[in-house]
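K.L.:
structure here, sequence nowhere to be found:
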């Protein structure tokens, strides 16, 4: 069982995850990305998809041409867990 | 300039595009897909992404684990065009 993080832990983590925000009405974090074109946006998604499979932790996401919206939450924990922070840090490293 | 299809043309096309529906409140068609897991869902998305680049016509889509939601519309035409039907037929062929 994955542990849900406390608000204090999440706030501390978000300080170093610039651009990520808490989602209104649910325990999740989200970030919007904009690229030059679809090729770059989907390339970015492909790299995240490979890591998501490796971590067995998957994003909720949408894509419209050069834009990608990513929401992270841990269903097993009923909220934000360390897995979400790990995936968010990987996404930011791309 | 791409031509927007008439309602009659869209209705006729949707008869052979089983599973696709018109989107409420906008001129677009959509379909939901469910797979065994994320691997299959993203593999499906990757194949569509390659074709979308080839056609230079891209879907609006979202993915949550094994589910993929696809919406097709043609911004240049201000609605549904032959390009959307072509991409929908390709998606259905996968």
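P.N.:
Thanks, I have it. Just so we're clear, the structure is a prediction, and the values are computed from it rather than from any experiment.
K.L.:
quick one: end-to-end distance for stretch A:15-30.
P.N.:
14 Å (CA to CA, to the nearest Å).
K.L.:
what's the burial count for residue A:53?
P.N.:
For residue A:53, the count of nearby residues is 14 (other CB atoms under 10 Å in any protein chain shown). For every residue, glycine as well, the C-beta is placed using N, CA and C.
K.L.:
so who does it touch?
P.N.:
Counting by CB atoms under 8 Å, 6 or more residues apart in numbering or on different chains, residue A:53 touches B:38, B:39.
K.L.:
SS state for the closest residue to chain B within chain A?
P.N.:
Going by CB to the nearest CB, chain B is nearest to residue A:62 of chain A, at 3.7 Å. For residue A:62, the assignment made with DSSP: H, G, I helix; E, B strand; the rest coil gives strand.
K.L.:
you'd agree it is up against residue A:41?
P.N.:
No - applying CB atoms under 8 Å as the test, residue A:62 and residue A:41 come out as separate, 10.8 Å apart.
K.L.:
all strands for chain A, in order.
P.N.:
A:21-22, A:29-34, A:60-64, A:67-72 (DSSP state E).
K.L.:
export those as a markdown table, with columns for mean neighbour count and mean pLDDT.
P.N.:
A markdown table is the format used below for the strands of chain A (neighbours: other CB atoms under 10 Å in any protein chain shown; pLDDT from 0 to 100):
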| stretch | mean neighbour count | mean pLDDT |
| --- | --- | --- |
| strand A:21-22 | 14 | 96 |
| strand A:29-34 | 16 | 98 |
| strand A:60-64 | 19 | 98 |
| strand A:67-72 | 19 | 98 |
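K.L.:
of those strands, which is nearest residue B:20?
P.N.:
Smallest distance to residue B:20 across the strands of chain A (CB to CB): 18.5 Å, for strand A:60-64.
K.L.:
which parts of chain A sit against chain B?
P.N.:
A:38-39, A:42, A:45-46, A:49, A:52-53, A:58, A:60-65 (CB under 8 Å from any CB of the partner chain).
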